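Participant: Model the structure of this input:
(one chain, ligands or ions: 1)
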Amino acid sequence: VSLAVGVDLGGTKIAAGLVDTDGTVRAQARRETPGTAEAVVDAIAGLVRELGAHDAPVGIGAAGFVDEARRRVLFAPNLGWTDVPLADLVSARVGGPVVLENDANAAAWAESRFGAGAGVASMVLVTVGTGIGGGIVLDGALVRGGFGIAGEFGHVPLVHDGRPCPCGQQGCWEQYASGGALTRAVREQLGDVDVAAAIAAGNPVALEALDGIGTWLGAGLAAIAAVLDPQVVVVGGGVVENGEQLLAPARAEFRRRLPAADRRPVAEIRAARLGPAAGIVGAADLARRGA
Ligand SMILES: [Zn+2]
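Facilitator: Residues are numbered from 1 along each chain as shown. Down below sits the predicted model:
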């Protein structure tokens, strides 16, 4: 099979693409995410039709917990879903086979196959957006965990008795190193400003906050590297658009915190390459492989 459809199902929009074997998106279409699961299934079937891909395999990367058989969305707070058998519902509507995956896992798979992690067997993708998410590829295989929910990096407890997190814990990594943490740090000092504009204008307070986010990012990456030993850490998400202003302090702190850093190979920290299309590309490739 050459072409496959990748679907990126998020809380606000559904993006779909027709993807070929080298990860190139040939055509794309999108819709707003409707309010019910039934309407989402309609929308996905409509997108597959719109792309002219009725018999192609379909991979769906969904923002939520996916069961270990990868047929059901167990819990998706952004969609308001609990236990929806999405793969089978879509399968009943389209001609080709349907594969379901967590959206961050799909993006990690795409970066490992076609993006910043291409050519290495073991990498992690850490997505720094409002929160922190990501996925794990070890020894060439996607790591999903015993319950299908591995790679929830944002909730690694990094600071003992630290800042409260909506997940119910305290001191989670994303309370220190995410886009949300950056916005809070800037606005605490500058008021209700546009954070990206303040950074672009070279505002020293905003730049210092970004540097601080990068430092916390590196600290968490050292914890992840101590456990998973990736060759490459790919950093994606909106905040990485700040480039070296984020990644340089992250690399410095990573090296400072890594156990025995001067007596071991040190993982490379790279910016993601595929951008927002990663979820589509990864889901399509997983569908093409039948998992
Ligand atoms: Zn948390």
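
Participant: Tell me where the stretch 1-150 of the chain has strands.
Facilitator: 4-9, 13-19, 25-32, 58-62, 65-66, 73-76, 81-84, 98-102, 123-128, 132-138, 141-142 (DSSP state E, counting those that start in this stretch).

Participant: among those, which is nearest residue 148?
Facilitator: strand 65-66 (5.4 Å; CB to CB). C-beta coordinates here come from the backbone N, C-alpha and C atoms, glycine included.

Participant: List of residues touching that closest one?
Facilitator: With contact meaning CB atoms under 8 Å, 6 or more residues apart in numbering, strand 65-66 is reached by 72, 73, 74, 75, 76, 100, 101, 102, 147, 148, 149.

Participant: which neighbours does it have in its sheet, and in what orientation?
Facilitator: Within its sheet, strand 65-66 is paired with strand 73-76 (antiparallel), according to DSSP bridges.

Participant: Give me the contact list for the strand it pairs with.
Facilitator: Residues from elsewhere that reach strand 73-76 (CB under 8 Å, 6+ apart): 11, 62-67, 79, 81-84, 86, 100, 148.

Participant: Show me how to select, in ChimeraX, the buried members of these.
Facilitator: Selecting only the buried entries of these in ChimeraX, with 16 or more other CB atoms under 10 Å as the criterion:
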select :62,63,64,65,66,67,79,81,84,86,100,148
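
Participant: Tell me the buried residues within the contacts of strand 65-66.
Facilitator: Looks like these have 72, 73, 74, 76, 100, 101, 102, 148, 149 buried, using 16+ other CB under 10 Å.

Participant: quick revisit: just give me the closest of the contacts of strand 73-76 to the ion.
Facilitator: Nearest to the ion among the contacts of strand 73-76, counting by CB to the ion, is residue 65 at 14.7 Å.

Participant: Near the residue of the stretch 1-150 of the chain found nearest the ion, how many other residues are there?
Facilitator: The ion sits closest to residue 131 of the stretch 1-150 of the chain, with a gap of 8.4 Å, by CB to the ion. Here the count is done by other CB atoms under 10 Å, and residue 131 has 23 residues near it.

Participant: Let's test this: what are the backbone torsions at it?
Facilitator: phi -120, psi -160 (degrees, to the nearest 10).

Participant: my read: it touches residue 156, true?
Facilitator: No. In this structure residue 131 lies outside contact range of residue 156 using CB atoms under 8 Å: 11.9 Å.
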